[in-house]
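Visitor: Quick one: sequence and predicted model below, then my questions.
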Amino acid sequence: MDIKNRIEAFNRDNAPFYLVDHDSGEFSLCLALSFVPQEYRDFGQEAFNRYAERNGEPVMENGLYTHGSGYEWEDVFKKAFEMDENIGKIGFDCEASGFFCYAEDLTLLEELGRRFRALCMDTKSFESLVCSALQEATVRRAEAEELSGTIRGFLMECPGCTGCRCISLTGLPMRRLRCGKGAAIRRYRSP
């Protein structure tokens, strides 16, 4: 079966997920949350709503769901396949209104797309996966935020800089870090 027919078959059998051939040797697996057919309008949303409820958060604010963005779908997808050795072959380009991942291996996207959709269709398993993935993502983001205000965090953000140096400021437990590549001087807590 040629690529076009494989993609058409996948898209037919795995809605609302769909594959795109970018004619560059790269393919995308997509879930455009704003443009799903009416029958899939709230696809998977109930699991994200349960997460909000479990955390004492409102399900909706100003007429919009508080959870279920493309970024959160990415967290769930990564959690679903965290033990799969091929997850590193996939790039992500999600946004609030959609889940988008890409790879050069169409077969890989077909396989993971089918498996992920099957997970989504199993309501209880998907709810458990969403709650676990989003809880872990919340912890990771809090740790990253905490780290971002440290010298180590700056060096992790700017790993290619060879001219970074610390300058002590009047004995305070703060330091200033200047990137030798021209990044702005910022203040950081000492570790």
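Guide: Received the coordinates, thanks. Numbers count the residues shown, from 1 in each chain.
Visitor: which sections of the protein are below the confidence cut-off?
Guide: Filtered on pLDDT under 70, the chain yields the residue ranges 151-191.
Visitor: How is it partitioned into domains?
Guide: Structurally, the chain divides into domains by automatic domain parsing as follows: 3-148, 151-189.
Visitor: Please identify the deepest-packed of the ones you listed.
Guide: With neighbours taken as mean count of other C-beta atoms under 10 Å, the domains of the chain reach their highest mean count in domain 3-148, at a mean of 16. Any C-beta I mention is one placed from the backbone N, CA and C, and that applies to glycine too.
Visitor: Please enumerate residues in contact with the strand or helix carrying residue 10?
Guide: If you go by DSSP states H and E, residue 10 is part of helix 3-13. Applying C-beta atoms under 8 Å, 6 or more residues apart in numbering, the contact partners of helix 3-13 are 1, 17-21, 27, 106, 110, 113-114.
Visitor: Which members of those are the farthest-apart pair?
Guide: 1 and 17 (18.6 Å; C-beta to C-beta).
Visitor: Where does residue 114 sit: helix, strand or coil?
Guide: Local secondary structure at residue 114 is given as helix here, using DSSP: H, G, I helix; E, B strand; the rest coil.
Visitor: From residue 5, how far off is the nearest residue to residue 44 once chain neighbours are set aside?
Guide: Spatially, and ignoring its direct neighbours in sequence, residue 44 is nearest to residue 120 (5.0 Å; C-beta to C-beta, 6 or more residues apart in numbering). Relative to residue 5, residue 120 is positioned 24 Å away (C-beta to C-beta, to the nearest Å).
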